[in-house]
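>>> predicted model and sequence follow; I will ask about them next.
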Amino acid sequence: MAKKELSERKQKILTALVDDYIMSAEPVSSKDIQSKYMPEVSSATIRSELSALEEMGFIEQPHTSAGRVPLPEAYRHYVEKFMDRSNLSSTDVDFIRQRFQNSLGNVRTLSAEAAKIISDTTNYTSIFVGQNQNTISIQEVKLVPMSNKKAVVLVLTDGGMLADKTIDIPESATLEGVETASRILNKVFSGKCLTDIERFPAEIETELKDFQSIFNEVLTVLKSYCAENGQSVFVEGALKILDYPEYTNKGDAKKFLQVISDDKCVAELVNSGNHDIEYSIKIGRDAEGGIDNCAIVTAEYKINGQLLGQAGVIGPERMDYKRVLSVLECIRQSLTTVMNDKKTTAKNNTNKNKNDFAKDENDVNGDNGENFSENKEEYVDGSDSNKED
């Protein structure tokens, strides 16, 4: 369908009608538009323009004596042409950021929390589809020694995501030995995809020898990370759609609930198919992948260019698009901040833990680490040359 060009006055009237209907869910009359939005224009002129907009397929009149209501074409035009994105209040922004700070964890945890936050702040049904992280590439695996003969395993990927788990290390381990093991970890794992980890044991068998116990622990961490971070679908506020008068019909409500209870259908709803766009908005059944009488607003979230997941908001066609887009943008900023803060915190803690470990090491016999570092020269030379390449 060719794009319809509207005069400036028609644009103002259509925008006023959509804004008013989003707030009230009641048909909007020419008198409503004049008194609230355009007092300088006569009611008769507004009625004439409304009739023209109706003929153009933007609005309809449910009953002869009623005002007009927007059709999907009006919402599309509104979103594309007229809508100014509103700013969230400082209270909303603080609420969103604090919720993320309180839920620091792996990608799955953050995805679930993102769905809850979006639903709570928009009062619509929300979806978050976490991307399958198993295809991402490992950039660095680091052992951070602690003072109680434990170490934290940090996994940094090309998406900036970190997995951190605490593992046991041998009583005989020295700081020097743990640092050697950490360098060899990178020689073995750096540049490989998580999907390749099943092939790692053969490499470890021939390459790592005296460090076998530590590498078995790290391998367990990586497998656990894969298991926890496959594609996951989270839906929050499914019943909130029933709060809107458009869904008082039980048949419509049932169809909606059937769609969002199917993970495959949900994942397809938020998949825009175009990774170059910032947001995707589908309005009504006529939109590709749309739902009758619903609007779906989706956004992709990337960290350092790596897709983290896709979020979606589903509500009536008269959705508050301004607020929804503002919330999704705030989620984007908060996720980026949380993931980068987590990365920075982990790196800042590395030196402190090393110092604590070294202090603890002074209390044990220096010969205890002999087995752990006896082949250090060979492994360090190999890992250093690998780094230069």
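Received it, and whenever you're ready, just let me know what you need. Nothing here was measured: the structure is a model prediction, and the numbers come from that model.
>>> next one: I169 from V141, what distance?
Distance check for I169 against V141: by Cβ to Cβ, to the nearest Å, it reads 14 Å. The way it works is simple: take the backbone N, C-alpha and C, and place the C-beta from them, glycine included.
>>> quick one: stretch 88-98 to chain centroid distance?
Centroid separation for stretch 88-98 versus its chain: 17 Å, with Cα atoms, centre = their mean, to the nearest Å.
>>> so where is the stretch 151-300 of the chain shaky, pLDDT-wise?
158-164, 194-211, 225-231, 272-277, 286-289 (pLDDT under 70).
>>> again, 50 this time
For the stretch 151-300 of the chain, no stretch is flagged by pLDDT under 50.
>>> quick one: the strands in it?
Applying DSSP state E, counting those that start in this stretch to the stretch 151-300 of the chain gives strands spanning 162-168, 232-236, 279-283, 294-303.
>>> show me what the last one is packed up against.
The contact analysis (3 or more Cβ pairs under 8 Å, 6 or more residues apart in numbering; DSSP states H and E) places strand 294-303 against helix 263-270, strand 279-283, strand 306-316, helix 321-361.
>>> ok, of the ones you listed, where does mean pLDDT dip lowest?
Lowest mean pLDDT within these: helix 321-361, a mean of 70.
>>> what's the domain layout of the chain?
8-82, 90-132+230-340, 134-229+348-388 (automatic domain parsing).
>>> in CSV, list these along with mean neighbour count.
Listed next are those as CSV, based on neighbours: other Cβ atoms under 10 Å:
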stretch, mean neighbour count
domain 8-82, 17
domain 90-132+230-340, 18
domain 134-229+348-388, 17
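>>> so is the residue nearest to F128 when sequence neighbours are not counted in a helix, a strand, or just coil?
Nearest residue to F128, sequence neighbours excluded (Cβ to Cβ, 6 or more residues apart in numbering): A115, at 3.9 Å. Classification of A115 using DSSP: H, G, I helix; E, B strand; the rest coil returns helix.
>>> re the thing from before, E73 is nearest to which of the strands of the stretch 151-300 of the chain?
Evaluated with Cβ to Cβ, the strands of the stretch 151-300 of the chain place strand 279-283 nearest to E73, the distance being 8.6 Å.
>>> I303 touches M339, doesn't it?
Yes. Using Cβ atoms under 8 Å, I303 makes contact with M339 at a distance of 5.0 Å.
>>> a markdown table for the strands of the stretch 151-300 of the chain, including distance to L154?
Formatted as a markdown table, these follow (distance: least, Cβ to Cβ, whole Å):
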| stretch | distance to L154 |
| --- | --- |
| strand 162-168 | 5 |
| strand 232-236 | 22 |
| strand 279-283 | 33 |
| strand 294-303 | 16 |
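>>> looking at those strands, spot the one closest to E60.
Closest to E60 of the strands of the stretch 151-300 of the chain is strand 279-283 (Cβ to Cβ; 15.1 Å).
>>> specify the angle between that closest one and strand 294-303 in degrees.
170 degrees (axes from the mean of the first three to the mean of the last three Cα atoms, to 10 degrees).
>>> and strand 279-283, what does it pack against?
By 3+ Cβ pairs under 8 Å, 6+ apart, strand 279-283 packs against helix 72-77, strand 294-303, helix 321-361.
>>> could you redo the last one with a cut-off of 10 Å?
Judged by 3 or more Cβ pairs under 10 Å, 6 or more residues apart in numbering; DSSP states H and E, strand 279-283 is in contact with helix 72-77, helix 263-270, strand 294-303, strand 306-316, helix 321-361.
>>> could I get the ones you listed as TSV with distance to S224?
Formatted as TSV, these follow (distance: least, Cβ to Cβ, whole Å):
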stretch	distance to S224
helix 72-77	45
helix 263-270	22
strand 294-303	21
strand 306-316	19
helix 321-361	17
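>>> of all those, which one comes closest to G284?
Comparing these by Cβ to Cβ, helix 72-77 comes nearest, at 3.8 Å.
>>> quick one: contacts of that closest one?
Helix 72-77 is contacted by residues 1, 3-4, 6, 11, 14-15, 17-18, 21-22, 53, 56-60, 68, 70-71, 83, 281-287, 290, 293, 295, 317-319, 321 when judged by Cβ atoms under 10 Å, 6 or more residues apart in numbering.
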